[in-house]
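Student: Sequence first, predicted coordinates after that:
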Amino acid sequence: MNTEPKLLDVQHVTVEFHTGNIFSGTRMVAVNDISFSLERDKPEIYTLAGESGSGKTTLSRLLLRDLDPTTGNVFFEGRNLATIRKRSDFKEFMKKVQPVFQNPFETFSPLRHVDTYLFETAINFGMAPNQRAAAPIVDEALHNVGLSLDEVAKRYPHELSGGQIQRVSVARALIPHPRLILADEPVSMVDASLRMEIVNLFRKLRDEQQVSVIYVTHDLATAYYISDRIAIMLRGYVVESGPVEAVLDNPLHPYSQLLKASIPKPQPTEKAAWAAHIDLGATEVKEYGRVGCKFAGRCPHVMDICRKADPPDVQVEQRTVKCYLYG
Amino acid sequence: MPLLSVQNLSAYYQTEVYGVSRTVRAVDGVSFELYPNEIYGVAGESSCGKTTLIKVISGSIKPPLKAHAGSVNFQFGAYEIDMLKISQAELRENIRWKEISYVMQGSMSVLNPVRKVIKTFEDIVDSHQPITNKKLFLAETQAHINRLGLTDDVLDAYPHQLSGGMRQRVAIALATVFHPSLIIADEPTTALDVVVQRGVLQTIKEIQAESGNTVLLVTHDIAVHANVADRLMIMYAGRIAEEAPTENIFAAPLHPYTQHLVSSLPVIGERSTKASLKGAPPNLANPPAGCRFHPRCPLAIDICRTDVPEMLQVAARHRVACHLVKDGSQ
């Protein structure tokens, strides 16, 4: 029996939000009974994909311990995140799990030099006692992302390109030598000609620095390009998860199929399939409140049972599909 | 006969602060034509001049933006206008919304958050064509939005009650109330996810096919252009790099920048390493001499560093600005 704790172990987490007052109001389940885990000594890129309002961001806030689950537990290296109470413990946790955010121009204040953030991170995490001692650490982190301290020293965010500043943001996350990086839509604000540079960087971090990455995105094409495993989310549920090739080459859940078919292919010769008419979902609130499968209203294979109870998780080869079609 | 003819247009942002003057050459020597009944795509990265181009075309030229040279001429049937000379009053009364309308990126900021959607329709319609019969107006508006696949209850909702895709379709409905000749769509689906994006773009295509007007679709996402645009212009640093029917751009791109854009896109089913271009787009306040792409171009030769490449007509509807194409090595 392997008793070695996993790097990250998410066990049946659910997050509910309550809107309204204590007497009346509605309950919204933003994350619904989600479980997955990352191995300790096998670094990988795990993608959480889904449309806006699918619960991706709520789930990533849980993993950063910005939010506590309503039920369920998240373990990082064997420790339950809910038991982290002391500031020093939280700092230890933050050293190992670092975020990279969507818009690099909002991550950094326009009025400060970007390198000050790097020095502060190094000093706050106790990597160096002062600025002078921190310089080599900062420089090393910048080298890992293909920049150097000379290039970013005394520069304001607007003096760097979108790709450069997003790399600085990744370098900042690398300073405390994290085990896990949580990247929330890291390329959606970066220009097309610079996007691949960030995406390739995550690959390099996994292969050379042994850092695992949780890549939160709605861009399935880049997800396919870099990730090892993928979980497709819809209205709080993971509807399909497994190795990225299996899931995206041949999606099983009707929602994953729709999602894949909706990605515009950069090939005008294939535009006929994309132009097939689709029905858009009802308002978000309506789909969240639906009993049974959340996709039932739009699903071409809908059956009576889909509207009555939540579909079970079905194991099909290496992947898990939440659908009655395979039950 | 072209609907819009832009000749050699240059539009600069000129500022002077404490005696230091700065000129940002956002659009530099751009010429192109739009014809009735087509979807024309404009692709390019952020700060390549896409939005400035739209501003000039739609007549929203306010300092520090100044049209430096060139002409922008519209031909709406028998009604001809010169956009650079037209008065604000005429623009407001006869052109905006009636002949040229605009679909913006954030539909949340188009719709008033504290008023129902129908009230926004009322405001817009009333300011162009005073409403005399409210019942008739309501019936017409309902018929209009039904055509776009929206139901009547949308009119009675507040913007926050609608999903992003619905709101964007309401914005499209607003832009098409007067059946304009030209619809400018500036990044209409950038904030939306792929399924909703597909639905919204389908709506735009359907309207275009039905009314036979012109859509100017501006987005950085070239996969969207592949599926929607009839013709495509690739802009780089304020200039046109290449313009051709969409099929030609993807099948046989000639400009090295276009070639990179087309080949660097990740596709499902393929995991080989894709390279990214070195460097970053230039600062338009101080653009490089010669071809503005030369510092990043893997194929640059000496002449690229000194001479601005001229626009070459390589085929009937295919134009490209590159020295390598001229000397035949591309």
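Tutor: Nice, thanks for sending it over.
Student: And the helices in the stretch 201-330 of chain B?
Tutor: Listed in chain order, the helices of the stretch 201-330 of chain B (DSSP state H, counting those that start in this stretch) span B:222-228, B:246-251, B:256-263, B:302-306, B:323-326.
Student: for these, which one sits closest to chain A?
Tutor: Comparing these by their distance to chain A (CB to the nearest CB), the top pick is helix B:222-228, with 4.1 Å. C-beta: built from backbone N, CA, C; applies to glycine.
Student: I'd like the average pLDDT over that closest one.
Tutor: Confidence for helix B:222-228, expressed as mean pLDDT, is 91.
Student: Return the list of helices and strands in contact with that helix.
Tutor: In terms of contact count using 3 or more CB pairs under 8 Å, 6 or more residues apart in numbering or on different chains; DSSP states H and E, helix B:222-228 is assigned the packing partners helix A:271-274, strand B:38-43, helix B:194-211, strand B:214-218, helix B:246-251.
Student: Can you show me the strands along the stretch 101-250 of chain A?
Tutor: Taking DSSP state E, counting those that start in this stretch to define them, one finds strands in the stretch 101-250 of chain A at A:180-184, A:212-217, A:229-234, A:237-243.
Student: With A:L160 as the reference, measure out to B:F178.
Tutor: 44 Å (CB to CB, to the nearest Å).
Student: For chain A, give me its nearest residue in the stretch 1-150 of chain B.
Tutor: Scanning the stretch 1-150 of chain B for proximity to chain A using CB to the nearest CB identifies B:E45 as nearest, at 4.0 Å.
Student: So B:E45 lies in a helix, does it not?
Tutor: No: the assignment for B:E45 is coil, going by DSSP: H, G, I helix; E, B strand; the rest coil, so no helix is present there.
Student: In contact with the nearest residue to it once chain neighbours are set aside, which residues?
Tutor: Nearest in space to B:E45, with sequence neighbours left out and distances taken as CB to CB, 6 or more residues apart in numbering or on different chains, is A:D191 at 4.0 Å. By CB atoms under 8 Å, 6 or more residues apart in numbering or on different chains, the contact list for A:D191 reads A:S161, A:G162, A:G163, B:E45, B:S46, B:H220, B:P281.
Student: is it true that A:R172 touches A:D115?
Tutor: No: using CB atoms under 8 Å, A:R172 is not in contact with A:D115, being 9.8 Å away.
Student: Mind listing residues that contact stretch B:300-320?
Tutor: Applying CB under 8 Å, 6+ apart, the set of residues contacting stretch B:300-320 from outside is B:31, B:231, B:240-245, B:248, B:254-255, B:288-291, B:293-294, B:297, B:321-326.
Student: Give me the subset of the residues you listed that lies in strands.
Tutor: Within these, residues falling in strands by DSSP state E are B:S31, B:R231, B:I240, B:A241, B:E242, B:E243, B:A244, B:P245.
Student: filter these to the buried ones?
Tutor: The neighbour-count test (16 or more other CB atoms under 10 Å in any protein chain shown) marks B:R231, B:I240, B:A241, B:E242, B:E243, B:A244, B:P245 as buried among the ones in strands among the contacts of stretch B:300-320.
Student: want to throw the strands of the stretch 101-250 of chain A into a markdown table with distance to chain B and mean neighbour count?
Tutor: Supplementary listing: these in a markdown table, determined by distance: least, CB to the nearest CB, whole Å; neighbours: other CB atoms under 10 Å in any protein chain shown:
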| stretch | distance to chain B | mean neighbour count |
| --- | --- | --- |
| strand A:180-184 | 15 | 23 |
| strand A:212-217 | 10 | 24 |
| strand A:229-234 | 10 | 25 |
| strand A:237-243 | 12 | 25 |
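Student: Tabulate these in TSV, adding columns for mean pLDDT.
Tutor: Supplementary listing: the strands of the stretch 101-250 of chain A in TSV, determined by pLDDT from 0 to 100:
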stretch	mean pLDDT
strand A:180-184	93
strand A:212-217	93
strand A:229-234	94
strand A:237-243	94
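Student: now the helices of the stretch 201-330 of chain B in a markdown table, with distance to B:V72 and mean neighbour count?
Tutor: A markdown table is the format used below for the helices of the stretch 201-330 of chain B (distance: least, CB to CB, whole Å; neighbours: other CB atoms under 10 Å in any protein chain shown):
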| stretch | distance to B:V72 | mean neighbour count |
| --- | --- | --- |
| helix B:222-228 | 23 | 25 |
| helix B:246-251 | 24 | 20 |
| helix B:256-263 | 25 | 21 |
| helix B:302-306 | 29 | 14 |
| helix B:323-326 | 27 | 19 |
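Student: how about the ones you listed in a markdown table, adding distance to A:G327?
Tutor: Compiled in a markdown table, the helices of the stretch 201-330 of chain B are given as follows (distance: least, CB to CB, whole Å):
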| stretch | distance to A:G327 |
| --- | --- |
| helix B:222-228 | 35 |
| helix B:246-251 | 42 |
| helix B:256-263 | 43 |
| helix B:302-306 | 62 |
| helix B:323-326 | 58 |
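Student: So which of those is nearest A:Y156?
Tutor: Distances from A:Y156 to each of those were compared using CB to CB; the minimum, 27.7 Å, belongs to helix B:256-263.
Student: and the one helix or strand A:P99 maps to, what's its mean pLDDT?
Tutor: Here A:P99 sits within strand A:97-100, counting by DSSP states H and E. Strand A:97-100 shows a mean pLDDT of 94.
Student: For it, which strands pair with it and how are they oriented?
Tutor: strand A:180-184 (parallel) (DSSP bridges).
Student: now the strand it pairs with and strand A:212-217, what's the angle there?
Tutor: With axes from the mean of the first three to the mean of the last three CA atoms, to 10 degrees defining the directions, strand A:180-184 sits at 10 degrees from strand A:212-217.
Student: tell me how far strand A:180-184 is from the chain's mean position?
Tutor: In terms of CA atoms, centre = their mean, to the nearest Å, the centre of strand A:180-184 is set 6 Å apart from its chain centre.
Student: So the residue nearest the centre of chain A versus B:V215, what's the distance?
Tutor: Nearest to the centroid of the C-alpha atoms of chain A, with distances taken as CA atoms, centre = their mean, sits A:V216, at 2.5 Å. As for A:V216, its distance to B:V215 is 33 Å (criterion: CB to CB).
Student: got JSON lines for the helices and strands packed on helix B:222-228, with distance to B:A89 and mean pLDDT too?
Tutor: Conversion of the helices and strands packed on helix B:222-228 to JSON lines gives the following (distance: least, CB to CB, whole Å; pLDDT from 0 to 100):
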{"stretch": "helix A:271-274", "distance to B:A89": "43", "mean pLDDT": "82"}
{"stretch": "strand B:38-43", "distance to B:A89": "29", "mean pLDDT": "95"}
{"stretch": "helix B:194-211", "distance to B:A89": "27", "mean pLDDT": "88"}
{"stretch": "strand B:214-218", "distance to B:A89": "24", "mean pLDDT": "95"}
{"stretch": "helix B:246-251", "distance to B:A89": "38", "mean pLDDT": "93"}
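Student: Would you tell me which of the ones you listed gets closest to A:Q210?
Tutor: Evaluated with CB to CB, these place helix B:194-211 nearest to A:Q210, the distance being 32.1 Å.
Student: Can you dump the C-alpha atoms of that closest one in PDB for me?
Tutor: Provided in PDB are the C-alpha atoms of helix B:194-211 (Å, rounded to 0.1, in the frame of the first residue of the first chain):
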ATOM      1  CA  VAL B 194     -16.400  29.200 -27.100                       C
ATOM      2  CA  VAL B 195     -19.900  27.900 -27.100                       C
ATOM      3  CA  VAL B 196     -21.500  31.300 -26.600                       C
ATOM      4  CA  GLN B 197     -19.000  32.800 -29.100                       C
ATOM      5  CA  ARG B 198     -20.100  30.400 -31.700                       C
ATOM      6  CA  GLY B 199     -23.800  31.400 -31.100                       C
ATOM      7  CA  VAL B 200     -23.100  35.100 -31.200                       C
ATOM      8  CA  LEU B 201     -21.000  34.900 -34.400                       C
ATOM      9  CA  GLN B 202     -23.700  32.800 -36.000                       C
ATOM     10  CA  THR B 203     -26.200  35.600 -35.200                       C
ATOM     11  CA  ILE B 204     -24.000  38.100 -36.800                       C
ATOM     12  CA  LYS B 205     -23.500  36.000 -39.900                       C
ATOM     13  CA  GLU B 206     -27.300  35.300 -40.200                       C
ATOM     14  CA  ILE B 207     -28.100  39.000 -40.000                       C
ATOM     15  CA  GLN B 208     -25.500  39.800 -42.600                       C
ATOM     16  CA  ALA B 209     -26.800  37.100 -45.000                       C
ATOM     17  CA  GLU B 210     -30.400  38.300 -44.500                       C
ATOM     18  CA  SER B 211     -29.900  42.000 -45.000                       C
END
